[in-house]
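Asker: Sequence and predicted structure, then a few things I'm wondering about:
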Amino acid sequence: MDDHYRNNPNSYQDPQGGSNTYSTFREGRDQGNQDVYYGSNEYPAQDEDAASDATEGHDDDDEIYEGEYQGIPHPDDIGARKKALRAQANYEEQGDRLAERMQDEEQLAHQYEAIIEECGHGRFQWTLFFVAGLALMADGVECFVVGFVMPSAEKDMCMSNANKGMLGLIVYLGMMLGAFMWGGLADKMGRRKCLIIALAINSVFAFISSFVQGYGFFLFFRLISGFGIGGSIPIVYSYFSEFLCREKRGEHLSWLCMFWMIGGIYASSMAWGIIPHYGWGSSMGTSYQFHSWRVFVLVCTLPSISSLIGLIFMPESPRFLLENGKHDEAWMILKQVHDTNMRAKGEPEKVFTVSQIKTLKQEDEFIEIQSSTGTWYQRWLVRIMTVVKQVCQNILSLFSPQFRMNTLFMAVVWFTMAFSYYGLAVWFPDMIKHLQNEEYESKVKVFYRERVEHFTFNFTLENQIHQEGEYFNDKFYKIDLKSVTFEDSLFEECYFEDIRSTDTVFKNCTIVSTVFYNTDLYKHKFIKCKFENSTFLQQKEGCHLDFNEENDILIYLVSFLGSLAVLPGNIISALFMDKIGRIKMIGGSMLISSVCTFFLFFGSSESAIIGWQCLFCGTSVAAWNGIEVITVELYPTSKRATAFGVLNGLCKFAAILGSSIFASFVGITKVMPILLASTALVAGGLLALRLPETREQVLM
């Protein structure tokens, strides 16, 4: 039997040998032919009873497309095939664009390296070195300010232990958030611009914090101040590195790290010279106090303000400008760098020979909104949301296949190093305080069943316990009671006037016909005591909390020595960073530091702990320098500050976690802090050895 359906889906073969096309369907229908199909899918209407028996009993979803009998593809299949072809074409096009962009980036990187070498290393880089260094110095100062002012500020602001703990962590929280934000924005808005804004926020809010009186306001302003300074480290290293050639990069970035140490020394010295003079300042009644610790907070804003002023005269990174297609601006800045260095070298006639710099094709979609479109805040909202979207996409790109392993390895190294370093940085002074308290308590004097009559106490009572004593018609006049406990004692017809007490309590005492005038012996200091005909008159106003007298000078000395001990490690790492490489520097420093932590088992005195602290700080600083250098070199310009910000934000989170955990073991055991620190350092050091070496690479 002849098959009337040919392979040609576009024609219909007539039984008499003629052919009919779909375009002549209507003519065929007029001749009574009902079996013809045509391209527009307008099937002829059929009665319900005339439906094919082959589809009987099937659901609509299971019905057979009748065009299959003629070899006609289903319209859905055609659409799916076209979609697949388009997707494949788009994928291939994206792959071609990516390959082309990577090639362009590599060419630009090598050309930029050659240009920086032609510009030379001279006056311009050294000027930027000091300006950027002041920003790092401000970051170092910020880490110490709150710890130094706490013993004095707690009295003015009546801070409990919980308040002090929150204030100590809030700065790191602000710095963590600032690192995430400013690092991402610096890759979209520019290094110099973001650094200026960040330092301005830090300077303004740190300055205001020195004047606020309440704890809540002080906490808020220090949070925003930390948020501002959090951008300094991610931006400074990215910014400065893009003016350095490959041979100078590792060494000079390591020298730049010294400014963080200088910040610690500056803060310690200023605190040592200013805060102990608590009488400095002025008072406006009892509601406004401006004591010496507030003067110290003001002085600590100077590095940030100085860097901010210097940045006004510095240009934007030309590498960032080239990445964003601003060829002419980048060329002008590179020529400025070249001419500045040549004039300083006595060669002003030397000409900048670069005339053309490769420009990358821009991929980001910029949204330009006309001034007549919407209200002003709607336009700003669109711009802000666009930038936020770009920053988030840039952060997610750090975990793309190209960067995923490097990002994960660097995250672990940053976290382990910060967890150990900042944890021990809190543990060292807390352990010294604990040893001081133990020594103090060991010297306590106990008086048992003493009987005192008609006596005037006009001298300080300190570190004493009086048990079952009897005091008749005695006078306590203008004295300090420091760490004094009265237990099961009797006070009869006594008189207390102008008493200041610290850590002083009365337990199970009987107090008869006694007057308390102008004292700070509040009700909570009398535990299970019995009062008979006793009176409290004009009690002292102010904070009702007890504050332990701390050896502030020792705190400043410990911080000063710890910061100064970093100097040898900084010098060694700067001199050998380009010789032995970043990876060996990081791994070796972290492993040596882990060994140093075990010597803490032998630290049973204050001097021993101070010595081991200096050793640990001196050996670990090389790892910090190597980590910061390799973070700059591992990522391309479009992601450099973003990656640095994410990793530095993780570092601040590790600092919060480490300081909280390590502080909880003070006075309980030394084993856990030492094991935690050493284990983290070993793990991070071994993992760092698996990172790629970058000292021979140009900045991509």
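Answerer: Structure's in. What do you need? Numbers count the residues shown, from 1 in each chain.
Asker: Might you list the low-confidence residue ranges for the protein?
Answerer: 1-79, 87, 89-101, 104, 278-289, 358-374, 542, 544-552, 700 (pLDDT under 70).
Asker: At which residues are the strands of the stretch 301-450 of the chain located?
Answerer: Assigned by DSSP state E, counting those that start in this stretch, the strands in the stretch 301-450 of the chain fall at 445-448.
Asker: Kindly export stretch 233-243 (C-alpha atoms) in PDB.
Answerer: Extracted in PDB, the C-alpha atoms of stretch 233-243 (Å, rounded to 0.1, in the frame of the first residue of the first chain):
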ATOM      1  CA  ILE A 233      43.000  48.300  56.800                       C
ATOM      2  CA  PRO A 234      41.200  46.800  53.700                       C
ATOM      3  CA  ILE A 235      41.500  50.100  51.800                       C
ATOM      4  CA  VAL A 236      45.000  51.200  52.800                       C
ATOM      5  CA  TYR A 237      46.800  48.000  51.700                       C
ATOM      6  CA  SER A 238      44.800  47.800  48.500                       C
ATOM      7  CA  TYR A 239      45.400  51.500  47.800                       C
ATOM      8  CA  PHE A 240      49.200  51.600  48.600                       C
ATOM      9  CA  SER A 241      50.000  48.300  46.800                       C
ATOM     10  CA  GLU A 242      48.700  49.700  43.500                       C
ATOM     11  CA  PHE A 243      51.500  52.300  43.500                       C
END
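Asker: Name the residues that touch that stretch?
Answerer: 116, 124-125, 128-129, 132, 135-136, 139, 179, 182-183, 186, 191-192, 194-195, 198, 249, 252-253, 256, 317-320, 337, 628, 631-633, 637, 640-641, 644-645, 648, 699 (CB atoms under 8 Å, 6 or more residues apart in numbering). Using the backbone N, CA and C atoms, a C-beta is placed for each residue, glycine as well.
Asker: same deal with stretch 523-530?
Answerer: Under CB under 8 Å, 6+ apart, the answer for stretch 523-530 is 501, 504-511, 544.
Asker: residues of it that come out buried?
Answerer: 525-526, 529 (16 or more other CB atoms under 10 Å).
Asker: still on that earlier bit, among the contacts of stretch 523-530, which are in helices?
Answerer: Among these, no residue falls in helices (DSSP state H).
Asker: Could you give me the ChimeraX selection string for whichever of these are buried?
Answerer: Applying 16+ other CB under 10 Å to the contacts of stretch 523-530 leaves a buried subset, and the ChimeraX line that selects it is:
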select :501,504,505,506,509,510,511
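Asker: Can you lay out the contacts of stretch 523-530 as a markdown table showing distance to residue 579?
Answerer: Below are these laid out as a markdown table (distance: CB to CB, whole Å):
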| residue | distance to residue 579 |
| --- | --- |
| 501 | 62 |
| 504 | 61 |
| 505 | 63 |
| 506 | 68 |
| 507 | 67 |
| 508 | 71 |
| 509 | 72 |
| 510 | 78 |
| 511 | 75 |
| 544 | 61 |
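Asker: For the spatially closest residue to residue 679 that is not a sequence neighbour, give me its contacts.
Answerer: Distances taken as CB to CB, 6 or more residues apart in numbering put residue 594 closest to residue 679, at 7.9 Å, once the chain neighbours are dropped. Listed by CB under 8 Å, 6+ apart, the contact partners of residue 594 are 677-679, 681-682, 685.
Asker: With residue 699 instead?
Answerer: Residue 699 makes contact with 109, 112-113, 241-242, 246, 249, 319, 632-633, 637, 640, according to CB under 8 Å, 6+ apart.
Asker: any idea how far residue 633 is from it?
Answerer: Note on residue 699: its distance to residue 633, by CB to CB, to the nearest Å, is 7 Å.
Asker: Now the common contact residues for those two.
Answerer: 241, 249.
Asker: where do the helices sit along the stretch 251-400 of the chain?
Answerer: 292-299, 302-311, 318-323, 327-344, 376-397 (DSSP state H, counting those that start in this stretch).
Asker: Also the stretch 551-700 of the chain?
Answerer: 552-564, 566-580, 582-598, 606-634, 640-664, 671-688.
Asker: Save those as CSV, and put in distance to residue 348 too.
Answerer: As requested, the helices of the stretch 551-700 of the chain are arranged in CSV below (distance: least, CB to CB, whole Å):
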stretch, distance to residue 348
helix 552-564, 41
helix 566-580, 30
helix 582-598, 37
helix 606-634, 32
helix 640-664, 33
helix 671-688, 45
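Asker: count of residues packed around the closest residue to residue 666 other than its chain neighbours?
Answerer: Among residues not flanking residue 666 along the chain, residue 430 sits closest, at 4.4 Å (CB to CB, 6+ apart). Neighbours of residue 430 under the rule other CB atoms under 10 Å: 18.
Asker: Can you name the next helix or strand after the helix or strand harbouring residue 164?
Answerer: Using DSSP states H and E, residue 164 maps to helix 161-189. Later in the chain than helix 161-189, the nearest helix or strand by DSSP H and E is helix 191-209.
Asker: quick one, the very next helix or strand once past that next one and helix 191-209 angle?
Answerer: Under the assignment DSSP H and E, the closest C-terminal helix or strand after helix 191-209 is helix 215-229. Relative orientation of helix 215-229 and helix 191-209, computed by axes from the mean of the first three to the mean of the last three CA atoms, to 10 degrees: 160 degrees.
Asker: what's the following helix or strand after helix 215-229?
Answerer: Downstream of helix 215-229, the next assigned helix or strand under DSSP H and E is helix 232-241.
Asker: gap between that next one and the chain center?
Answerer: Chain-centre distance of helix 232-241: 14 Å, with CA atoms, centre = their mean, to the nearest Å.
Asker: Buried residues of it, list them for me.
Answerer: Result for helix 232-241 [16+ other CB under 10 Å]: buried residues 232-241.
Asker: Redo the helices of the stretch 251-400 of the chain as a markdown table? Include distance to residue 453 and mean neighbour count.
Answerer: Listed next are the helices of the stretch 251-400 of the chain as a markdown table, based on distance: least, CB to CB, whole Å; neighbours: other CB atoms under 10 Å:
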| stretch | distance to residue 453 | mean neighbour count |
| --- | --- | --- |
| helix 292-299 | 44 | 21 |
| helix 302-311 | 60 | 21 |
| helix 318-323 | 83 | 24 |
| helix 327-344 | 85 | 18 |
| helix 376-397 | 76 | 14 |
